[in-house]
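Colleague: Sequence and predicted structure are below.
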Amino acid sequence: MSTLTDQTESATSRTPQQPLEAVLRIRYRVRFEKKDLLRWISHRDLARLWERVVRRVALKPSMTEGFHPKPRIGFPSALALGVEGFDEVVELDLAEDLSPAELLERLASDNQPGLTIKSVARLPAGAKKAQLRCSDYTITIPEGTDRAKINDAIEQLKKQDTVSIERKKKPVVATVATQIPKLELGPSHLHLSLAATDAASLKPHDVLALLGFDDWIENGSSVARVRVALESDFESDDANEFVRAETT
């Protein structure tokens, strides 16, 4: 039978526990395209898709803490269902140190239809998470639409200081000059920039409604986000920090 003295001696004779090794956590910023049939998945499904891609290419993600740990994968802005994105951003926190070129190659090797990897940046230690500054969109103009009517609608909207939209059955007021810094008519598209704000931000469909063109989508118009501008972006000439995919 063990005595209290025996238990004490046994405890004091054990080798002191070694300090836990710090877990590696490196953030990578990936720019990608989401197009073709992939535009018909929701933002939540897109997040799940990225989790599957990370598993399929055998990356070692940094995991959240708690009872249900998940890979640390973040997006500065959700893309609406049905909208193509040609310059989207996702951030991956990995528990392994890869060069941007190796990570780009492994992500691209998954060959997910509709998902194209454009660039990979290995962010410096302490870098803040990506924050959206503004988004640029193109909206195709349905055939037969009166261009003079479009120009008049644009001019009338630009003359307004503020506009009101409904969001979750509540009115939201937006400042036109601040939240719509660009709205121009091109040969076949509307070119639109929408600024991110602390309040509810406008969406392309909101602008179409404000212009009086609610029926454009029903009449075959398509929306694409062509640029995601961040508050603080990161590019470098150093291949150990940034690499862009080769274009064919």
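Modeller: In hand now; what should we look at?

Colleague: which ones are touching residue 80?
Modeller: Applying CB atoms under 8 Å, 6 or more residues apart in numbering, we find residue 80 in contact with 43, 203-205, 223. C-beta: built from backbone N, CA, C; applies to glycine.

Colleague: Quick one: those as TSV, columns for distance to residue 54 and neighbour count too.
Modeller: As requested, those are arranged in TSV below (distance: CB to CB, whole Å; neighbours: other CB atoms under 10 Å):
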residue	distance to residue 54	neighbour count
43	17	13
203	29	17
204	30	22
205	31	18
223	28	23
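
Colleague: following the helix or strand containing residue 86, which helix or strand comes up?
Modeller: Counting by DSSP states H and E, the element that carries residue 86 is strand 84-94. Taking DSSP H and E as the definition, the helix or strand that follows strand 84-94 towards the C-terminus is helix 100-108.

Colleague: and the helix or strand that comes right after that next one, what does it pack onto?
Modeller: Using DSSP H and E, the helix or strand that directly follows helix 100-108 along the chain is strand 115-122. Strand 115-122 is packed against strand 26-34, helix 100-108, strand 242-244, with contacts defined by 3 or more CB pairs under 8 Å, 6 or more residues apart in numbering; DSSP states H and E.

Colleague: Out of these, which is closest to residue 57?
Modeller: Each of the helices and strands packed on strand 115-122 has some distance to residue 57 by CB to CB; the shortest is helix 100-108, at 4.4 Å.

Colleague: what about the closest one, average pLDDT?
Modeller: When pLDDT is averaged along helix 100-108, the result is 98.

Colleague: ok, and for that helix, which residues are buried?
Modeller: Neighbour-count burial for helix 100-108, with 16 or more other CB atoms under 10 Å as criterion, is recorded at 100, 103-108.

Colleague: Output that helix as CSV, nothing but the C-alphas.
Modeller: As requested, the backbone C-alpha atoms of helix 100-108 are provided in CSV (Å, rounded to 0.1, in the frame of the first residue of the first chain):
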residue,chain,number,x,y,z
PRO,A,100,4.3,31.8,-51.5
ALA,A,101,5.3,29.9,-54.7
GLU,A,102,4.9,26.5,-53.0
LEU,A,103,1.5,27.5,-51.5
LEU,A,104,0.3,28.9,-54.8
GLU,A,105,1.3,25.7,-56.6
ARG,A,106,-0.4,23.4,-54.1
LEU,A,107,-3.6,25.4,-54.1
ALA,A,108,-3.7,25.5,-57.9
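
Colleague: any chance of the buried residues of helix 100-108 in CSV, with distance to residue 215 too?
Modeller: CSV is the format used below for these (distance: CB to CB, whole Å):
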residue, distance to residue 215
100, 44
103, 44
104, 41
105, 45
106, 44
107, 39
108, 39
